[in-house]
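Participant: next one to model:
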Amino acid sequence: MFKPSTTGALMVVLSAVCFSAKAVFAKLAYRFGADPTTVLGLRMAFALPFFALVAMRPRAPLEQAMTKRELLQFFVLGSFGYYLASLFDFLGLAYVSAGLERLILFLYPTIVIAFNALFYRERVGRRLWQAVVLGYSGVGLVVWSDRAIGGSNLALGSGLVFLGAIVYAFYLSGSQPLIMRHGSMRVTSCVLVVACTIAIVQFLLMRGLQPISVEVIWLAAATGVVATVIPAFLLTAGIKRLGASRASLIGTAGPVSTLLLAHEFLDEPVTWLQLAGSALVLLGVFRVSQGRG
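Facilitator: You can find the predicted model right below:
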C-alpha cells in the first residue's frame, strides 16, 4: 500500500493534468465562436448533476451536521471563491495562450502559502521554500520563452488570469478546515453546486436559449466532466492527505501538461526554454513530495 502522502501526491498530479485540459477545451470552443460566458455556463451545467448527486446523498451516522456558519462558508467559497476564479480565468483565456494562462494561474501555490501562514499560522519548511524556488524558476523560464505571445490585450488577459489565481488560492485555503471536518467529497460537492448554479444563471441571463453549435456543446461537456468533476474530487482528496500548501505546489505539474496539450491540439510552440522550465517544475514537485521538513 502507498503511504497517504504518496497517494495524495498522485491524486494531485492527476488532478493537475485533467485541469490542464480545460484551457485546451476552452480555446477550441472559442475557435468555434463561443464566448467565455457560454463556455463557463455550459461547463458548469454538465458538471452540476455530478456534484449535486454527491451533495444530496444522505448523511452517514458518524458525519457531523453542518452549522449555519458553515453553510455560509460554503456559499462564500462557491461564489466568491470557485465561481469568480473560473470567471476571471475564462475571461483572461480569451486573450492569452493556453500555456501562458496555465503558467500565470499556477502562481497560486505561493498565494496559498501566504494565506495559510497568515490565517492558520502554518509553518513554511525548508523543503517547501526549495520547491517554490525550483518550481517558479521553471515557470519564469517558460514565461520568458512565451513573452512574444499575445497581442494588445495581453496585459488585460494576464491580469484577469492572475486575479483568478488569487481567488482560487482563497478557495483552496478557505476550504481546508471544512474538508477536515466534513470530508473532501462533501465539501467539494457543496462548494461546486453553488459555483455551478451561479454560472448557469449568469449564462441564461446573458445569452438565454440561443442556438449553440454541436462542437461547442461537446467541448463544454469535456470541460465540465474531464476538466472539472474528476480533478475537483482528486484535488480535494489530495489536500486532505497533504494539506493545501503541499497540494498546491505539487499541482505545479499542471503547466507542463498544458504546454504539451496546447502544442498537440492548438499548435502552440514548445521551446527549449519551456522544456528546461518544465524540468525545474517537475524537480520542485519531487522535492515537495518528499516530506514536510
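
Participant: quick check: what element follows the helix or strand containing L156 along the chain?
Facilitator: If you go by DSSP states H and E, L156 is part of helix 154-182. Counting by DSSP H and E, the next helix or strand C-terminal to helix 154-182 is helix 184-207.

Participant: run through who's touching that following helix.
Facilitator: With contact meaning CB atoms under 8 Å, 6 or more residues apart in numbering, helix 184-207 is reached by 37-38, 40-45, 47-48, 51-55, 63, 74-75, 77-79, 81-83, 86-87, 171, 175, 178-179, 228, 232-233, 235-237, 239-240. Where C-beta positions appear, they are placed from N, C-alpha and C, glycine not excepted.

Participant: and the helix or strand containing W218, what does it pack against?
Facilitator: W218 is located in helix 214-224, with elements delineated by DSSP H and E. If you count contacts as 3 or more CB pairs under 8 Å, 6 or more residues apart in numbering; DSSP states H and E, helix 214-224 packs onto helix 4-31, helix 36-55.

Participant: what's the least confident stretch among those?
Facilitator: For the helices and strands packed on helix 214-224, mean pLDDT drops lowest on helix 4-31, to a mean of 87.

Participant: tell me the buried residues in it?
Facilitator: Neighbour counts over helix 4-31 (16 or more other CB atoms under 10 Å) mark 5, 8-30 as buried.

Participant: okay, now the unreliable bits of the stretch 51-200 of the chain?
Facilitator: For the stretch 51-200 of the chain, applying pLDDT under 70 flags the ranges 58-63, 109, 122, 124-125, 127, 143, 146-152.

Participant: before we move on, the earlier item: between the helix holding W218 and helix 4-31, how big is the angle?
Facilitator: Angle between the axes of helix 214-224 and helix 4-31 is 160 degrees (criterion: axes from the mean of the first three to the mean of the last three CA atoms, to 10 degrees).

Participant: and helix 214-224 with helix 36-55, angle?
Facilitator: Put simply, helix 214-224 runs at 50 degrees to helix 36-55, going by the same axes, to 10 degrees.

Participant: hmm, who's touching the next helix or strand after helix 214-224?
Facilitator: The helix or strand immediately downstream of helix 214-224 is helix 230-242, counting by DSSP H and E. Around helix 230-242, the neighbours that count as contacts under CB under 8 Å, 6+ apart are 4-5, 7-9, 11-12, 14-19, 51, 172, 175-176, 179-180, 183-185, 187-188, 192, 247, 250-251.

Participant: thank you, goodbye.
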